Every structure is written in C-alpha cells, then in structure tokens.
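Undergrad: Below are the sequence and a predicted model for it; my questions follow.
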Number of protein chains: 2
Amino acid sequence: LVLPPETALSPLDDGAKADLARTAAEMLEGLRRHGGGPDGSVTRLVYSQEWAAAMAEVEGWLSGRGLETRVDAVGTRFGRLAGVGEQVVLTGSHIDSVSGGGAYDGALGVIMATCAVGWLARALGAPRRSIEVLANCEEESSRFAGNFWGARAMLGLISPAEPDSLRDAHGVTMGEAMRRCGLDPARIPEAARSDIAAFVEPHIEQGPRLEAAHTQVGVVERVVGVRQLEFRFEGSSGHAGTIPMDQRRDALVAAAELVDLVRRTALETGDGAVATVGSLDVHPGGSNQIPGDVRMTVDFRHADEAVLDAMERQLTAGGRAAHKRHSVSFATHVRLSQPPVEFDRRLQDVMMRSCEQASCSWMRLPSGAGHDAQVIARRFPAAMLFVPSRNGHSHRPEEATDIADVVAGIEVLIGTLHQLAYVAP
Amino acid sequence: LVLPPETALSPLDDGAKADLARTAAEMLEGLRRHGGGPDGSVTRLVYSQEWAAAMAEVEGWLSGRGLETRVDAVGTRFGRLAGVGEQVVLTGSHIDSVSGGGAYDGALGVIMATCAVGWLARALGAPRRSIEVLANCEEESSRFAGNFWGARAMLGLISPAEPDSLRDAHGVTMGEAMRRCGLDPARIPEAARSDIAAFVEPHIEQGPRLEAAHTQVGVVERVVGVRQLEFRFEGSSGHAGTIPMDQRRDALVAAAELVDLVRRTALETGDGAVATVGSLDVHPGGSNQIPGDVRMTVDFRHADEAVLDAMERQLTAGGRAAHKRHSVSFATHVRLSQPPVEFDRRLQDVMMRSCEQASCSWMRLPSGAGHDAQVIARRFPAAMLFVPSRNGHSHRPEEATDIADVVAGIEVLIGTLHQLAYVAP
C-alpha cells in the first residue's frame, strides 16, 4: 500500500446524509428480523437458518448496488467493486451474533461498508484499486469454539482437524453445520487470500468512551492483549450446620478473596487495565452445604504484554496465598492468551484525515474487545473505525447507536476508501 | 412422662454385641440397595420406587421381630411392641435421603431403633408402656420443599393446600406422588397423634465433634436455630474488555465482599456460631462478561435466637455497605427461620445414665443440623442420641460410622427405652 496524497472528497450534503440514514436504518431493521426476538435481542449463530437468511439479504444489497458477489469456502460473502490490478481494499465486518445479543455488533459494520461502497460506486464509478465489502461468516464463537473462523479462513489459519472436532451444544460438528449450508469443509484452504492491500473494519465501540466524550468516531489504535485464566479451588464440602468454622476448607471463601484481588490488580495497574471474574461456579451449591469446589475465570486485558505478565503473576500469587490461608488446593491454567495487536499507522492516518474532512468529532482509542481486524492484521495492513455504543451496551438487546453517528461513520469510511482505492496510485 | 427410678439393665455381653453388629451391618447393606449408586451414594427420595422398596424391607424387619406394623396416612411406618395403656415411647428416624447422599443419614437411626426394640422384645417381652419403632417417610426435603413432612403429619401441621402446591423437579405434586404410592392426601389429618410419651431419635452426628473427642455417643442438648437469607445484588452487565474499571457496577465484586463478611461474622460471634454462603449464582456468567446479577444464600446458625438476630443485622448491614460502595442494588429476604429447640432435660438425663451403665464414652453436644425430633419436640418430650460420623462426612457417599460405635449407640438406646418403657411406672 502506497500512501495517498492529500486529495479529499467534499463533505456530504444533507440530502446524501438523509439518504444514508434512511438506508442504514432500513438495513438494520432488515437484518434484525433474522434471529430477532420479541425483547429486541438477536441470536444469529453461524450456519443457522437465521444466519443463512441474513447472508441472502446481504447478497441482495450487494448485487443491487452493482457489486460482484462471491461466497468463499466457509460462507463469507464478498461484494466487489472492481478496479484494476490484483490488490483489494477490504471493508466490512461479521454477520453472526452472540446468543441474546443485539442488532448492531458486527451487522452495523457490514451495513456501513455496504452503504459506503454503494455510495462510491454510484458517485464515482469504478475505483483504481478494487474494493470489496466483507460479510464475514463467524467472529463471535457463540456456536462453536472456533473464534475468528472467517478471518482465519482468509489467512489459511484453520487446521484440517478443526471442522470435525469443533462441536456445538447439540453435538453438531462445524463440518456438518457447513455441509448443511452447502459448504464443503475440504475446500476451506481455498478461502485463503493474498490480495488484500488494506482492511478497514467499521464496528460499534461496545463500550462507553465515545459516548462519554461526545465523540462520533473512534480511530482504533490497537486491540489490547487478552488473557484468561481458570482458577480452581478444592476444599471439602460438608454440612453447613455441623462443621465448626475452624475445621472448614471452604473453597468459596478462598475464591471470594480472588474476586477482590482481581479488581484491585486492575485498579493498581491503571493505564486502561481491566480485569473481570465473569464466571464462578460453586459445588455442591446447596444453601446448607459448605462449598467444596469452586471454578472461576479471570479475564484481564492491557495493551502491553509485559503488563499482562505482571498481572498474571500477581493473580496467581494471590491464588496461592488463598490456598495456604484456607487449606484448599489451588490450580490454574491459561484458557486464552491473545497478544496485543497494533493497527496499521498509515491506515489510521488516512482515517484521521477523513474524519477531519468530514468535520465529525473523533478520537483515538484502543479496543478492549477482540475483532476480525486483529486476525487480518497478522498478514495485511488493517485498522478499525468505531461508532459509539449508547450507554456502552454490548452483547445485549439494548445495543444501539444514534443514526447520526452511523452516518458520520459511513462518511469517514467513504473518505477513507476514496483515499485508499480512488486516489492512491 | 414420669421419671423412672434408677433401675438398669446389665451391660450387653460380647456375644450380644457381636449379634447386634452383624445385624446392623446387614441392615445397612440391605437398605443401601434401595437407591444405591456405584460410587456408594444413596438417592432415596420420598415416594419413589426406591423409597417404597426400602419401606417394604423395614416392614419385614419389624414384623419379623414380632412387632405390629402400621402405615400412617403419609406412608410413615410404625412397628409396635405393645404394652398397657395409651402412651407410646417412640424411637427411630427417617428413611428418605438427599440426592447423592450416604447410607447412614436417617437410615442408621431406623436400624438402631429396630435392633434395640427387637433386642428388648426378645430379652424382656412386653413392656409396661408400648414402644414403637418409627421409619419416617420424609425429612430431607430433597424431592419436595416439604421439610419434616412425616413429623409434621404426626403433629397435624400439614395444611390442606400443601399436597397440591408442592411440586418436585418434574412438576409432580406431593399429592400425586402420594397417590402413586397408594396414599390418599385427603386422609393426612388422620396421621396426627396425641399418644407420644417420649421420642428418642438415634442419628449420625453429621459433623466431626464426636470423632475428634474419641467419643462413641452424643447426648444432644438442642438443635441450634437456623436462619437463611437470600441476598441479591444487581449491577450492570457488560463486555469485560470495553467497560473501564471506574465505570463498572459489578454485582460479583459486591457479593464477594459478603462471602468474607459471612465468615468473619461467625468467627467474631464465636460460641459455636457457624455461617456459610452455600450457593452463589452469577449472571450472565460468561468469562468475558461483567456480572450484572448475583444471588447468594447465607445460612447461619446459633443456639440463641438473639444472637441470630444480631448476626442478621451485621450481615444485612454489610450488604447495604456493599450496595453503596459498588453502586449495585441490594435486596434481601429471609428464606428460612427455625428457632433453636431445647430437647427434654429428663430424657437427656435418662440417656446419660444409660451411657454410664453401658460404659461407653459419651458427651453432650448441640445439633447443627435440623431433625424430625425438633418438630416432635414442639408437642411431646423429645431427645436425640448421636453416633460419630467418620471424618464428619454428611450428605455424601462417604458417610460412615464404625460398627462398634453403632453397637454402643444401640446399647444406650436399649437402656434408655428400658428405663422409659419397662421401668417407668
């Protein structure tokens, strides 16, 4: 990718903005129907009927804008606005959701990309460099523990054994689910790409920072590193009425100490560190039974891997201290370790210029959540553009973004794609 | 009940003890078959097939010893060794178990009573005052939330609406379950009794005190008061990566503070106080989700109701403090409140004399667990005799009592029943 010169589009006029607002809102409601519940929630798991229907609707949007549509070996959809040469500027996000999630996570990125590329096709015609809209098949790992499935397929990072070994809650394998959608797991390697000049992923922030700063667009600097530990404390269960306090080995008493330590570790680390005990299971779990066995997860995130290492040392030292203090056993293992990912600085510069030209409010910020773009960034220049999440809500029915912010994000994306695909030599 | 004079049996000889040991061990293994699992656990829920089979086996033991057997309106079995007059000395315990419990809780009390009354019938013939062995139908509330069902029936304390309103995990009502066992819920009032001169319940300790003191028999002074609260903290769920620490309302952080406070409250109260968080449920519960809703139970026990009141004040004050500190809502309600119950002092005296005459080691102690005897004690003189629980195990497959201790307990029960039914005028 060669940096484009300072050549910009004029800001969109009010009529164009109103058109984009109406179209994006209609698309949001259109996609919400596929997996939508009466409470506003959306459950659209990869390779489900709802997912297939959503993909068909997206294909209609793409072909209706004159884009060449294509399905890759794992079911990801692409809509191509052809330019010259091999290299492609890719934009979009994923179509699948968590269980009981909202209508915006992933879906809004697909919609913003579709609107932006549709606007460019109509206003400016064919670009120098091809642009593709991406509707990625799977990012959330909400049906299979196969996270970033679509993005990994594009990088050739799916191992041959995965389709038969990953199973959903009903025992269906990933491969079987693919075949039910007319996809052949043996062809997964064909999804790998080597032609991506840049990937720009629009997405909701999933947090409260943009809203708190009254800012419409976030230029994402990086995805923080994520580490998840599982802690297990085993003591001795027994009758809550008959075992004296000084003879107990209560696993929950030890675990509760860690919940506090996890919070303090993040606060003391500061600098954007977060740490969370999200799940904690108590066995046997009766109201009159001393807990004999507790498993808990500890999720902690920071931009600097050395800081994550220090946090892990502090947390496991706390686990060992609780083990000694309360005569319970302590075991820990790493469930997940994702290193921090820095996004392409030149792409960030293009986005920041586009923000300035669109006269929207913007700021740089990190992503605390994982995204397809961090996988694509392993091999290709990649970046992300955030729009605000109302009340910071994420993965719940209340997900929402003001439509004016959606339009601002689309305008910044239009300007960014223009620089990358029309202006850049 | 008139106190008996100091007239005692001679201690049992070794042959008699060996007979009792063999018989009791056979009975334990016999009952274990009804609901026993490969891991040594026993699950024998009231009105189940296993329960009915166990009751049939007990009936055989009773009739085989020449006792008149009878089934009351809720299915409790009695075996009567008839004396003169109306008044009855009752002994025994319950036949139902918790899910995945052991072979000794309840069952051993039925066995000890059967062995003791069988020995008296054979050695001494008819008593002055009638003796009945009790195989109570339900004590554990492990199938229905109808705790002390059999004991309440004997006291006329079951309300007419209960049989149709109590449901098991499969939606079957108590009334329906009774009918499947050939029992008519409309006849429950007929189970009420007014003829009980004394109730002596033999039972495993379910705790470690007798074993720790190398003592064979416990004379139970009282059942401590039990109170259970449910605490609920509601904060706000959200993505564990995207919500800064200072903007969180994490319900688990608040709840974890209470786990520690519950333990400290019992330790600071001292004097035998115990307190336990036995269940703690975290929602939504994903490893990358901030807990938005936590419910926990707090069980605390002490012999003095005023102390329970003070503990409750300290615990709810702690809940309110956590609510303020972590910006989460706090609600509490009382799930259960059982006042302490003192057992009959004269019956305790008879048991202590019987311990001395049997030359076994004994001590007085409170019961931290609830028992049928505490219900019977509302209207009739009642007391309990404990034998040790190996390692203090209770409500788990490892429940066990050394057979020598079982025999010591039977000998003390023989002496006690002798005093109450043969010697007492």
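TA: Structure's in. What do you need? Numbering: from 1, shown residues only, chains lettered A, B, ... in the order given.

Undergrad: I'd like the distance between the nearest residue to A:His418 once chain neighbours are set aside and chain B.
TA: Distance criterion CB to CB, 6 or more residues apart in numbering or on different chains; nearest residue to A:His418, sequence neighbours excluded, is A:Leu9 at 5.4 Å. The C-beta positions use only the backbone N, C-alpha and C, and glycine is treated the same way. Using CB to the nearest CB, to the nearest Å, A:Leu9 is found at 31 Å from chain B.

Undergrad: A:Leu9: neighbouring residues, count only.
TA: 19 (other CB atoms under 10 Å in any protein chain shown).

Undergrad: Contact partners for it?
TA: Counting by CB atoms under 8 Å, 6 or more residues apart in numbering or on different chains, A:Leu9 makes contact with A:Gln357, A:Ile414, A:Gly415, A:His418.

Undergrad: Of all the residues in the lengthiest helix in chain A, which ones are buried?
TA: Counting residues, the longest helix found in chain A (DSSP state H) is helix A:305-326. Under the neighbour-count criterion of 16 or more other CB atoms under 10 Å in any protein chain shown, helix A:305-326 has A:Val307, A:Leu308, A:Met311, A:Glu312, A:Gln314, A:Leu315, A:Thr316, A:Gly318, A:Gly319, A:Ala322, A:His323, A:His326 buried.

Undergrad: Helices along chain A, start to end?
TA: A:14-32, A:49-64, A:107-124, A:149-154, A:162-165, A:174-180, A:209-212, A:251-269, A:305-326, A:345-358, A:372-376, A:403-417.

Undergrad: still on that earlier bit, so what does the longest helix of chain A touch, helix or strand wise?
TA: Applying 3 or more CB pairs under 8 Å, 6 or more residues apart in numbering or on different chains; DSSP states H and E, we find helix A:305-326 packed against strand A:225-234, helix A:251-269, strand A:293-302, strand A:329-338.

Undergrad: among the ones you listed, which is nearest B:Glu342?
TA: helix A:251-269 (31.4 Å; CB to CB).

Undergrad: Run through the neighbouring helices and strands of that closest one.
TA: strand A:225-234, strand A:274-276, strand A:280-283, strand A:293-302, helix A:305-326, helix B:251-269.

Undergrad: Okay, angle between it and helix B:251-269 too, please.
TA: Inter-element angle recorded for helix A:251-269 and helix B:251-269: 120 degrees (by axes from the mean of the first three to the mean of the last three CA atoms, to 10 degrees).

Undergrad: Just the CA coordinates for helix A:251-269, please, in PDB.
TA: This file holds the C-alpha atoms of helix A:251-269, laid out as PDB (Å, rounded to 0.1, in the frame of the first residue of the first chain):
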ATOM      1  CA  ALA A 251     -13.500 -23.200  48.500                       C
ATOM      2  CA  LEU A 252     -15.800 -20.200  48.100                       C
ATOM      3  CA  VAL A 253     -14.100 -18.300  50.900                       C
ATOM      4  CA  ALA A 254     -10.800 -18.600  49.000                       C
ATOM      5  CA  ALA A 255     -12.400 -17.800  45.600                       C
ATOM      6  CA  ALA A 256     -14.100 -14.700  47.000                       C
ATOM      7  CA  GLU A 257     -10.700 -13.300  48.100                       C
ATOM      8  CA  LEU A 258      -9.600 -13.600  44.500                       C
ATOM      9  CA  VAL A 259     -12.600 -11.700  43.200                       C
ATOM     10  CA  ASP A 260     -11.400  -8.700  45.200                       C
ATOM     11  CA  LEU A 261      -7.800  -9.200  44.200                       C
ATOM     12  CA  VAL A 262      -8.700  -9.300  40.500                       C
ATOM     13  CA  ARG A 263     -10.400  -5.900  40.800                       C
ATOM     14  CA  ARG A 264      -7.600  -4.400  42.800                       C
ATOM     15  CA  THR A 265      -5.000  -5.700  40.400                       C
ATOM     16  CA  ALA A 266      -6.600  -3.800  37.500                       C
ATOM     17  CA  LEU A 267      -7.100  -0.600  39.600                       C
ATOM     18  CA  GLU A 268      -3.500  -0.700  40.800                       C
ATOM     19  CA  THR A 269      -2.200  -1.400  37.300                       C
END
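
Undergrad: The longest helix of chain A relative to strand A:293-302, how many degrees between them?
TA: Calculated by the same axes, to 10 degrees, helix A:305-326 forms an angle of 160 degrees with strand A:293-302.

Undergrad: could you measure A:Gly415 against B:His323, distance?
TA: According to CB to CB, to the nearest Å, A:Gly415 and B:His323 sit 48 Å apart.

Undergrad: Oops, could you answer that again for A:Met352 instead?
TA: Taken as CB to CB, the span from A:Met352 to B:His323 is 43 Å.

Undergrad: Dump the helices and strands packed on helix A:251-269 into a markdown table; add mean pLDDT and distance to B:Gly150 as well.
TA: Compiled in a markdown table, those are given as follows (pLDDT from 0 to 100; distance: least, CB to CB, whole Å):
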| stretch | mean pLDDT | distance to B:Gly150 |
| --- | --- | --- |
| strand A:225-234 | 97 | 36 |
| strand A:274-276 | 98 | 47 |
| strand A:280-283 | 96 | 30 |
| strand A:293-302 | 97 | 32 |
| helix A:305-326 | 97 | 38 |
| helix B:251-269 | 98 | 31 |
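
Undergrad: got the ones you listed as CSV, with distance to A:Arg187 columns?
TA: Output for those, formatted as CSV (distance: least, CB to CB, whole Å):
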stretch, distance to A:Arg187
strand A:225-234, 31
strand A:274-276, 39
strand A:280-283, 40
strand A:293-302, 35
helix A:305-326, 36
helix B:251-269, 45
